[in-house]
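Trainee: Fold the following.
(chains A and B)
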Amino acid sequence: MSYRYLEDVATADAAFEACGKTVEETFLSAAEATIRVMIANPESIRARERISIHLESEELDMLLFDFLQEIIYFKDSRRLLLRMKSLHIDLASSPLTLTAEAAGETMIQGHHPLLTDVKAVTLHLFSIKQDEHGWKATVILDI
Amino acid sequence: MSAAVYLLYEQEEAAPISPMPNITLEGKAMNVPPSIIKISDFLWEIPVSYKTGMLVPARIYATEQLLRQMDQGVFEQLTNVACLPGIIDYAFCMPDGHWGYGFPIGGMAAMDPHSGVISPGGIGFDINCGMRLVLTNLTLEEVKPVIHRLVDTLFTRVPSGVGSSGFVKISRDEFRRVAEMGSLWCLRNGYAWPEDLEMTEEGGCFSGADASTVSEKAIERGFDQIGTLGSGNHYLEIQVAKPENVRDEETARAFGFTRPNQVAVMFHCGSRGFGHQVATDYLKLFLSVSGKKYGIKVNDRELSCAPFRSREGQDYFAAMKCAVNMAFANRQVILHRIREVFSSIFHRSPEDLGMSMVYDVAHNTAKLEKHLVHGKKKEILIHRKGATRSFGPGMEGLPDRYRETGQPVIIGGSMETGSYLLAGLPGARETFCTTAHGSGRAMSRHQAKKLFHGQKLQREMAERGIYVRTASWSGLAEEAGPAYKNIDDVAETTELAGLSKRIIRLVPIGNIKG
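Mentor: Next up, the predicted model:
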């Protein structure tokens, strides 16, 4: 998984670039970067509950938007911290489809070193692009 | 006032440029557009020639020093706002402005409700994030000996941080009633004093909230979060009004500060996951209709919008009001908890402790208000994003208690430096009665975490007489004083610009960081 947080972008929020050789790798990197804003060591999340995610979108960037938004939704609605176990994106279908299997557990103060709450994925400078090296997503999270 | 071209840099001919033209993702030096015009020592204007599509100029209230501290995102985002259909007079930015998403934080735009748009990006995800200030009749001398116990108990009783849930356990249907009724629901359920509602902007309820316009996901994210602070820049602070920091004794008395070293409680939070999801849902909807259905081009997808009078615009307005009301209820329930805690520590009733509200102000809203527009009183749609309503003396909508003083304005500073209580001024008419909301970040969260360490900061603050508890050490480091602009400069600028008048500078002695 490859991502880096960006300095001096959207001063009060959290911005990152997530990369991958494939679009799936890039989505997984972005998911990990989002979780890592909320919890210091995502590795500490135990796989106690499994969640299946199925999403559709006409646009690849909005598929990423919806995917990251799912992580935020489960954090609030079920207090679940999730990590992705598998992810597949069908770029040939119309609309584009995403299927992911996530696993995680209810957040526990003390066990999980919680950092900052993520409110939302913003569309400001939001993008996912492919170049000769692979894929790169730019994301600003409202925190 | 005559406008003179003020050269910050060598003057260049302004030319149409593409959206977000020069934004580099790192580095923010030399950000001020060369074509900016100095209107006064506290007001700057970016002309419509700066960017293709600007319908009105952009105006920034700031000293030259504050202007230079603003990041490039402020100028690009504000001039994007100036392109929105139906905008009246100017796109405004307050002295605490900084790079946000869609609008800059500190942004304000008034729209003609008949020809203009409504944009979730002009309100933000944390709908009705706002400030509440509560009095006590206690003094520093009485509170100081128990400050650790007081802050520790508040830290336990007012949940904060990622994933926290509140003590108000209600069904999803009951939550819909909260969303439609706001503080009135709290009054009917024993969480409010009748006077609290009068001391809350709009009486603690935006009328016209319609829970049928919000998604199940929004309900799921927020229905058990009433009474929680959240995280980021949200906080609850015990503050002192030292005599040397009272700038206007008469107004301070009218606002309830009547004795030396009087202790007050200030807190900052919003509509939690509920509001965040409402904003997300409608951002997506507007993205799909802005261009395709209504032919509106925006320079930043975060500014996706719909005509205010359209079905989508009205649905969002009704849903946004639900989030506004949930935030009022959230702050009201937190106030209930604060009163309980003070009562348990001091063994006196909250009434006996004089725990009345000074005021509750909303930061992130869109609202129909009546203002003078080109000499005629009109109803206009005001987007405020990280900005505070600032009604001057005599304005309609103020409680009788504040008719002569103007509205109490609460500008929250960093946890290390203090905050201000101000009063609305008649001169704020140009901004349609809007002023700053905080000191404004000067440093990114990422940078602050590199420079400061949470536990060390806690120890240093304790040595300076500020006892802090936090749900997150790194979150504490992100909120270090130097990460923010100088609150004194921001508050002074609002006064010199005629937007709000400084009454008291409040200094912290205890703080809970979300």
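
Trainee: Longest helix in the chain, by number of residues?
Mentor: Just going to use chain A. helix A:60-77 (DSSP state H).

Trainee: Sorry, I should have been clearer: chain B.
Mentor: Chain B, longest helix under DSSP H: helix B:311-346.

Trainee: what are the ranges of the strands in chain A?
Mentor: Assigned by DSSP state E, the strands in chain A fall at A:2-6, A:14-20, A:49-57, A:80-90, A:96-106, A:120-121, A:127-131, A:134-142.

Trainee: What of the stretch 251-400 of chain B?
Mentor: B:262-269, B:306-307, B:357-362, B:365-373, B:376-385, B:388-389 (DSSP state E, counting those that start in this stretch).

Trainee: can you tell which of these is closest to B:G510?
Mentor: strand B:262-269 (9.2 Å; C-beta to C-beta). In short, each C-beta sits where N, CA and C put it, glycine included.

Trainee: Report the closest residue of the stretch 351-500 of chain B relative to chain A.
Mentor: B:R441 (4.5 Å; C-beta to the nearest C-beta).

Trainee: wouldn't that residue be in contact with B:H98 here?
Mentor: Yes - between B:R441 and B:H98 there is a contact under C-beta atoms under 8 Å: 5.1 Å.

Trainee: Now the common contact residues for these two.
Mentor: Residues touching both B:R441 and B:H98 by C-beta atoms under 8 Å, 6 or more residues apart in numbering or on different chains: A:T11, A:A12, B:I105.

Trainee: can I get the residues you listed in CSV with distance to B:W44, neighbour count and pLDDT?
Mentor: Converted to CSV, the shared contacts of B:R441 and B:H98 look like this (distance: C-beta to C-beta, whole Å; neighbours: other C-beta atoms under 10 Å in any protein chain shown; pLDDT from 0 to 100):
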residue, distance to B:W44, neighbour count, pLDDT
A:T11, 19, 27, 78
A:A12, 22, 22, 79
B:I105, 17, 29, 96
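
Trainee: from these, which is closest to B:E478?
Mentor: The closest of those to B:E478 turns out to be A:A12 (C-beta to C-beta; 9.2 Å).

Trainee: Next, the contact list for the residue nearest the centre of chain B, please.
Mentor: Centroid-nearest residue in chain B: B:H363, 2.9 Å away (criterion: C-alpha atoms, centre = their mean). Contact analysis of B:H363 by C-beta under 8 Å, 6+ apart lists B:N128, B:C129, B:G130, B:M131, B:G270, B:R384, B:K385, B:G386, B:A387, B:T388, B:H437.

Trainee: Give the next helix or strand downstream of the helix or strand of chain B with the lowest mean pLDDT.
Mentor: Least confident helix or strand, chain B: strand B:4-5 with a mean of 34, by mean pLDDT, DSSP states H and E. For strand B:4-5, the following helix or strand on the C-terminal side (DSSP states H and E) is strand B:37-40.

Trainee: average model confidence for that next one?
Mentor: Averaged over strand B:37-40, pLDDT sits at 96.

Trainee: thinking in terms of the whole chain, how far from its middle is it?
Mentor: Computed by C-alpha atoms, centre = their mean, to the nearest Å, the chain-centroid distance of strand B:37-40 equals 26 Å.

Trainee: Name the surrounding residues that touch the helix or strand following that strand.
Mentor: Next in sequence after strand B:37-40, counting helices and strands by DSSP H and E, comes strand B:43-46. Residues outside strand B:43-46 that contact it (C-beta under 8 Å, 6+ apart): B:3, B:6, B:33, B:35-39, B:57-62, B:67, B:75, B:78-79, B:82, B:90, B:497.

Trainee: Of all residues in the stretch 151-300 of chain B, which one is closest to chain A?
Mentor: Closest point on the stretch 151-300 of chain B to chain A, by C-beta to the nearest C-beta, is B:G273, at 3.5 Å.
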